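Asker: Based on what follows, work out the 3D shape:
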Amino acid sequence: MALEEDQDSKTSQWEVSVTLSSNQPVIGTEIITTETKLVNSYHTIGAPPPPHSFVYTWYRHSIPCSVHRHKLATVQCTSCAKLNASIEKSYHCSSKCFSDAWNKHKKYHHWAANAARNNSTGNQQDVKKLRSSGSWPNLIDGSVLDENAIMVEEDNIWIKVGSSNTYVPTLYDCDFRLRLHSAAVDSSLGTRLSPDNIVVTDPVIKPSHPPRKMIRLQNTLNLNFNAQSSNDVVFSVLSYNILADSLSINAFGYCPKWALAWEYRQENLLEEIIKYDADILCLQEVQCDHFENFFEPELKKLGYSVMYKKKTGAGLFTAESEKSTNHGCATFYHSKLFKEIMKYELEFDKEASSVVNALEPRIRFKGSHRLTSKANTHIHWSKGHEDVTLFQVSAYSSFLHSDGVEEQWRKMNSQTSEPAFTFFSDKFFGTLDYIFYTDNSLIVESLLELVDRESIDNNGIPSPAWPSDHIALMASFRLRPPSHWGLSPPPFPLNPWHLVALN
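Answerer: Here you go, the predicted structure:
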């Protein structure tokens, strides 16, 4: 008994002071305990503390089951998520729990649907969607938790996620608070010298790259045109290679695996695409199942129509060939501005095969690259065939002919009149992406600003902040008035390069 009282007095005599490098956790950014010290609880001068070490435990805040409040929620009703319903009733601790509660729970959907209609013009609650809804099986990193890994406090549940003086937040932590428990331990006796010091952080956020804005051009070549009319036709085009998931596996060792996970990248990609609000979206490397299950339904909600063309291949079927042909090009367009007049599906390999086969054997391989290199298309590029790029001219050269955009000039390659890079990995960086336009019928109004290497992780992309190995390009065009078409009007879209036409 005396020993316990003595230990209690020792524990109450000391307390741990902890300072974190940041109270705002960011996915992928290490949180460090910059200063941990043991101080006298009574703030009096006395004997120094005995030799000691510190122990740390990190927890992630989680949501309890709406039925069994002492249990961790691992599944979410997807109907509640779609209805933007209150989070309180949508979470359950197991599939069985959800099934047992279904008859009562489904009545809540009618109430939530009515509430959503009534609030359609107001601010709706931002519902946290657990990563268990959809393709993710649970919230606990795929591990089995024992009772010591969960801490329950009234309606709060905390899951143990780490036990060192640093912690790197992962995708599973996004939107949740972290909690650090620190204590001092007597080095010789192994007993606690202090109660737990508890620090609770702000909710974990996703890293985001610096916002990119549209740069309006002051083109000296177009100064003689009449004043612009409010009736002028202006539209914007976004081109973005989004890196198919099948091509990212094990390909980027410098990028954390959780940041390569499609569940993480798809949300970042969609958020970025929506933010640009382009009238035409030309997306490359769109995996077939991701097009059907994610991009098409999500972008249709925003008023986009779409045409999709899957990549085709030749030769024997192999796992590698399947990986390289399970994606394609998706061209989305605002249905209020454009309508589909004609649709062409052009396969460059097939169109050029007769010409390639007629070439001499010694130049057939190189010729195939030149004739099949590629409207929205995934253009061929490979080292040793740089001249192919010369056939694939660029809108970003307008930066070099415009005043007031000196900041963008340094991000350009003045010798080739193209961006310094649109692709950046640890093995290569350069320009692989372009936006084509017809000069006699269109004027480049503005361009999405370029990025420099300083704004991207030095190792390359993708990264936690950049969801693809390419950066997006975007241009805004103004239709030239008929008086400036020259000898003849622009060609009617009777060729495969024009996939959409003005309504």
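Asker: how near is Ala261 to Ser248?
Answerer: From Ala261 over to Ser248 the distance is 9 Å, taken as CB to CB, to the nearest Å. No exception for glycine: its C-beta is placed from N, CA and C like everyone else's.
Asker: got it, and Lys257?
Answerer: Here the criterion is CB to CB. By it, Lys257 lies 10 Å from Ser248.
Asker: domains of the protein?
Answerer: Domain assignment for the chain by automatic domain parsing gives 2-63+138-200, 233-502.
Asker: For His209, which of those is the nearest?
Answerer: domain 233-502 (4.5 Å; CB to CB).
Asker: related to what we said a few turns ago, so for Lys257 and Ser248, which sits in the more crowded spot?
Answerer: Ser248 (18 against 13; other CB atoms under 10 Å).
Asker: Nearest residue to that one in space, please, no chain neighbours.
Answerer: With CB to CB, 6 or more residues apart in numbering as the criterion, Ser248 has its nearest non-adjacent residue at 5.3 Å, and that residue is Leu260.
Asker: give me the number of residues near that neighbour?
Answerer: Under the neighbour criterion other CB under 10 Å, Leu260 is assigned a count of 20.
Asker: what's the nearest residue to the residue most central in space within the chain if we skip its chain neighbours?
Answerer: Compute the mean C-alpha point of the chain, and by CA atoms, centre = their mean the closest residue is Asn268, 2.0 Å away. In space, and not counting its chain neighbours, Asn268 is closest to Pro467: 4.0 Å by CB to CB, 6+ apart.
Asker: Would you confirm that that neighbour belongs to a strand?
Answerer: No: assessed with DSSP: H, G, I helix; E, B strand; the rest coil, Pro467 is coil; it does not lie in a strand.
Asker: got the contact list for it?
Answerer: Neighbouring residues of Pro467 by CB atoms under 8 Å, 6 or more residues apart in numbering: 242-243, 264-265, 268-269, 272.
Asker: Ok, Ile280 next?
Answerer: Here Ile280 is in contact with 235-238, 331-334, 338, 500 (criterion: CB under 8 Å, 6+ apart).
Asker: just the helices in this protein please.
Answerer: 2-13, 78-82, 95-100, 102-118, 245-248, 257-260, 262-276, 288-290, 296-300, 319-325, 348-357, 361-372, 406-409 (DSSP state H).
Asker: picking up where we left off before, only whichever of the contacts of Ile280 are buried, select them in ChimeraX.
Answerer: Applied in ChimeraX, the following selects the buried portion of those according to 16 or more other CB atoms under 10 Å:
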select :235,236,237,238,331,332,333,334,338,500
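Asker: what are the ranges of the strands in the stretch 101-250 of the chain?
Answerer: 150-153, 156-162, 166-167, 178-186, 197-200, 214-216, 218-219, 234-241 (DSSP state E, counting those that start in this stretch).
Asker: Quick one: closest of these to Trp102.
Answerer: Nearest to Trp102 among the strands of the stretch 101-250 of the chain is strand 156-162; the distance by CB to CB comes to 23.1 Å.
Asker: Given that closest one, what are its sheet partners and their directions?
Answerer: Partner strands and pairing direction for strand 156-162 (DSSP bridges) are strand 52-62 (antiparallel), strand 150-153 (antiparallel).
Asker: mind listing the strands in the stretch 401-503 of the chain by residue range?
Answerer: 402-403, 412-413, 418-419, 423-424, 429-430, 442-448, 473-479, 501-502.
Asker: Give me whichever of these is most buried.
Answerer: strand 418-419 (a mean of 24; mean count of other CB atoms under 10 Å).
Asker: if we can go back for a sec, now the domains of the chain in JSON lines, with mean pLDDT?
Answerer: What follows is these, written out as JSON lines (pLDDT from 0 to 100):
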{"stretch": "domain 2-63+138-200", "mean pLDDT": "82"}
{"stretch": "domain 233-502", "mean pLDDT": "77"}
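Asker: How about stretch 57-75, which residues are buried there?
Answerer: 57-67, 71-75.
Asker: Just give me how far that stretch sits from the chain centre.
Answerer: Remark: stretch 57-75 is offset 27 Å from the chain centroid, using CA atoms, centre = their mean, to the nearest Å.
Asker: Looks like Leu471 contacts Val451 (just checking).
Answerer: I think there's a mix-up here, since residue 471 is Ile and not Leu. Yes: contact criterion CB atoms under 8 Å: Ile471 and Val451 qualify, at 5.9 Å.
Asker: now what about stretch 49-61, what contacts it?
Answerer: 14, 16, 33, 36, 38, 151, 156-165, 167, 172-173, 176-188, 193.
Asker: Show me which of those residues are buried.
Answerer: For these, buried by 16+ other CB under 10 Å: 14, 16, 33, 36, 38, 157-162, 165, 167, 172-173, 176-184, 186, 193.
Asker: Can you tell me the closest non-neighbouring residue to Ser21?
Answerer: According to CB to CB, 6+ apart, the nearest residue to Ser21 is Ile32 (4.2 Å).
Asker: Likewise for Glu345?
Answerer: Closest to Glu345 by CB to CB, 6+ apart is Lys309, at 5.7 Å.
Asker: Would you check that that neighbour makes contact with Tyr344?
Answerer: No: using CB under 8 Å, Lys309 makes no contact with Tyr344, being 9.3 Å away.
Asker: okay, those two: which has more neighbours?
Answerer: Neighbours per residue, other CB under 10 Å: of Lys309 and Tyr344, the larger number sits with Lys309, 19 against 14.
Asker: quick one: contacts for the more buried one?
Answerer: 328-329, 345.
Asker: How about Asp457?
Answerer: 254, 463, 465-466 are the contacts of Asp457 under CB under 8 Å, 6+ apart.
Asker: what do you get if the cut-off is 7 Å, keeping everything else the same?
Answerer: By CB atoms under 7 Å, 6 or more residues apart in numbering, the residues touching Asp457 are Ser463.
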